[in-house]
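Asks: Let me see the structure of the following:
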Amino acid sequence: MALKDLERFLGKVEQLQQMVSSLDQFPGRRELLSSCSDHNQVVQLARSWGYEIGQRWGEYDYDQPPPNDNLLSRPLPPVGHVRKYRIQEGYGWRLELITSCGVCNNENFWYDQSEHKWILVLRGSASLALKNPYSQVNLNVGDHIFLAAHRLHRVERTDPKPGTICLALSWKETK
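Replies: Numbers count the residues shown, from 1 in each chain. Sure thing, here's the model as predicted:
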C-alpha cells in the first residue's frame, strides 16, 4: 500500500469514528442514517454533517484540482452517484464543483445541512424538493438557488449522461 493510500484510509477511518460518535450526541442522526439505501446516500449524509467518508478504495483522487483548471473537464461519476471537488476554501466557506449522473435521493431522505448553500447549474439540469414549506424547484443551465442552513431538501433528479454539473458555495453564519 502506498503511503498516500494509507493516509487516505486512516483519515477515512477517523472520519467514520467521529461520525459514529456523533450518533449519540444527535439522536435523530441514527434514523436518518438508517433511511439511506446505498453508499452514495450515506456519503452525502455524512458530508451534510461535516464528515468526508466518500472515497472508495482505488477510486480516482477527486480532491485534486482539475488538471487544466477547466471546471467542465472532470470525469462523470457512475450513474446514480455524485462527486464533489473542492475548488477553493477559506475560513468558514467552501466552493465546490458537484458532478452527478442520474441521481435521485430516496423519498424519505432530506438533507439538513448546518451551512448556507448557493448552487449554480453549469451543465444539464436538476430538480430539487424543498420541505417546510414543500415546493419543487427545476434548475437549468444558468439557474441558481439559495438554501438557508437547515432548509430541508433532496435531489429529485439530475440528468443522465452527459450529467449535471453545479458550482456550490457553502458557508456558516458568522456572528
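
Asks: got the residue ranges for the strands in this protein?
Replies: Applying DSSP state E to the chain gives strands spanning 81-90, 93-101, 116-123, 126-130, 135-139, 144-147, 153-158, 164-171.

Asks: list the buried ones in the fifth one?
Replies: Going back to what we said before, that points to strand 135-139. In terms of neighbour count (16 or more other CB atoms under 10 Å), strand 135-139 has its buried residues at Leu139. Bear in mind the C-beta positions are built from the backbone N, C-alpha and C, glycine included.

Asks: Which helix or strand in this structure has the lowest average pLDDT?
Replies: The helix or strand of the chain with the lowest confidence, counting by mean pLDDT, DSSP states H and E, is helix 39-48 at a mean of 77.

Asks: That one vs strand 164-171, what angle?
Replies: Direction vectors for helix 39-48 and strand 164-171, defined by axes from the mean of the first three to the mean of the last three CA atoms, to 10 degrees, enclose an angle of 30 degrees.

Asks: Give me the contact list for helix 39-48.
Replies: Residues external to helix 39-48 that are found in contact with it (CB atoms under 8 Å, 6 or more residues apart in numbering): 15, 19, 32-33, 36, 52-54, 56, 80-82, 84, 103, 105-106, 109, 111-114.

Asks: Apply 10 Å and report the result again.
Replies: Residues external to helix 39-48 that are found in contact with it (CB atoms under 10 Å, 6 or more residues apart in numbering): 15-16, 18-19, 22, 29, 32-33, 35-36, 38, 51-56, 77-78, 80-84, 96, 100, 103, 105-106, 109-115, 117, 154-155, 170.

Asks: Only the buried subset of those, as a ChimeraX command please.
Replies: Here the buried members of the contacts of helix 39-48 are turned into a ChimeraX selection, burial being counted by 16+ other CB under 10 Å:
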select :15,19,29,32,33,36,51,53,54,55,77,80,81,82,83,84,96,100,103,105,109,110,111,112,113,115,117,154,155,170
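
Asks: quick one on the thing from earlier: if you average pLDDT over each of the strands of the chain, which is lowest?
Replies: Across those, the stretch with the lowest average pLDDT is strand 81-90; it has a mean of 87.

Asks: related to what we said a few turns ago, CSV for the strands of the chain, including distance to Gly11?
Replies: Conversion of those to CSV gives the following (distance: least, CB to CB, whole Å):
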stretch, distance to Gly11
strand 81-90, 14
strand 93-101, 17
strand 116-123, 24
strand 126-130, 30
strand 135-139, 33
strand 144-147, 28
strand 153-158, 26
strand 164-171, 20
